[in-house]
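1. Provided below are the primary sequence and the corresponding predicted coordinates.
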Amino acid sequence: MTRPILQDSPSQPAVYKSLGLSTLLRFLRDDRKPTILDLGPALGANVEFWSRHQCRLHIEDFYRDFIARTSSENKESRASIFADLLAFNEELSFDIVLTWDLFNYLDLTQLEGLVRHVSRFCKPGAALFALISSQPDIPDQPTVFRILDTERMVYETRTQITRPCPRHQPREVAKAMGLFQVSSSFLLRNGIQEYVFVRGEDPRP
């Protein structure tokens, strides 16, 4: 489904250095065009940034669709929700997955279900980028992250309403990540922990 591309905000929110982003770029391969799954909204600056790296970009505004779906679905039907919302061709393989701060808006069971589904479309060595907050509260809706360059991002908070942060602990997150293991992590001054996870080999039968 084609998503509308959000226009960049005319204001200038806080700019943060992102060690996670610069680390993530090391996973771009020179021998072929990398394929990226972006689970945030389509944002013009980000589309342009990845196009400079000759990437194939798949954008899914996952949280918007997830909230709309879970607000009306019963518990018995939720097992297939990730497959329904992220219905990819079985031959598709992602080199990088951008979850941004999505994990802050999922409980651990939902987080595990999402990662389990996405990992089906990632080969060993694929990277997953996530930002997890340790603050008591987070915006009521996921933050929009606009990439400025290889080391800097703008955080755009589009609501003043807040909610309690689940403050997922590293051990809980590691358990929920399944085949993805922590490769790098960086604690920022704003209380955000940037993670770069790497998919490992499938267990032998």
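-> Thanks, I have it. Every value quoted in this text rests on a predicted model; they were computed, and no experiment measured them. Numbers count the residues shown, from 1 in each chain.
2. shaky segments in the protein?
-> 1-12, 72-79, 204-205 (pLDDT under 70).
3. what about 80?
-> Within the chain, the stretches with pLDDT under 80 are 1-13, 29-32, 71-79, 203-205.
4. helices along that one, start to end?
-> 19-24, 44-52, 62-70, 81-85, 108-119, 170-176 (DSSP state H).
5. so which of those helices is nearest E194?
-> helix 19-24 (3.2 Å; Cβ to Cβ). Using the backbone N, CA and C atoms, a C-beta is placed for each residue, glycine as well.
6. so which elements touch that closest one?
-> Here helix 19-24 touches strand 122-133, strand 180-187, strand 192-199, going by 3 or more Cβ pairs under 8 Å, 6 or more residues apart in numbering; DSSP states H and E.
7. take those strands and lay them out in JSON lines including distance to F27.
-> Listed next are the helices and strands packed on helix 19-24 as JSON lines, based on distance: least, Cβ to Cβ, whole Å:
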{"stretch": "strand 122-133", "distance to F27": "4"}
{"stretch": "strand 180-187", "distance to F27": "9"}
{"stretch": "strand 192-199", "distance to F27": "8"}
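8. closest one to P142 among those?
-> Among the helices and strands packed on helix 19-24, strand 122-133 sits nearest to P142 (Cβ to Cβ), with 9.8 Å.
9. about what we covered before: CSV for the helices of the chain, including distance to I132 and mean neighbour count?
-> Putting the helices of the chain into CSV (distance: least, Cβ to Cβ, whole Å; neighbours: other Cβ atoms under 10 Å) gives the following:
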stretch, distance to I132, mean neighbour count
helix 19-24, 11, 19
helix 44-52, 20, 15
helix 62-70, 15, 16
helix 81-85, 19, 16
helix 108-119, 10, 19
helix 170-176, 7, 15
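10. want to throw the ones you listed into a markdown table with distance to R146?
-> As requested, the helices of the chain are exported to a markdown table (distance: least, Cβ to Cβ, whole Å):
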| stretch | distance to R146 |
| --- | --- |
| helix 19-24 | 12 |
| helix 44-52 | 5 |
| helix 62-70 | 17 |
| helix 81-85 | 24 |
| helix 108-119 | 23 |
| helix 170-176 | 25 |
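11. ok, T150 - contacts?
-> The neighbours of T150, taking Cβ atoms under 8 Å, 6 or more residues apart in numbering as the test, are L21, S22, L25.
12. and the closest residue in space to the last one that isn't next to it in sequence, how far is that from W50?
-> Once its chain neighbours are removed from consideration, L25 has its nearest residue in T150; the separation is 5.9 Å (Cβ to Cβ, 6 or more residues apart in numbering). Distance, T150 to W50, by Cβ to Cβ, to the nearest Å: 12 Å.
13. re earlier: from the contacts of T150, pick the one nearest I138.
-> L21 (20.0 Å).
14. tell me the spacing between that closest one and P124.
-> Using Cβ to Cβ, L21 is found at 22 Å from P124.
15. what about C55, how many residues nearby?
-> 18 (other Cβ atoms under 10 Å).
16. ok, now which ones touch the residue nearest to C165 when sequence neighbours are not counted?
-> Leaving aside its chain neighbours, C165 sits nearest to I138 (4.4 Å; criterion: Cβ to Cβ, 6+ apart). Applying Cβ under 8 Å, 6+ apart to I138 gives the contacts D101, N104, Y105, T162, R163, P164, C165.
17. thanks a lot, see you next time.
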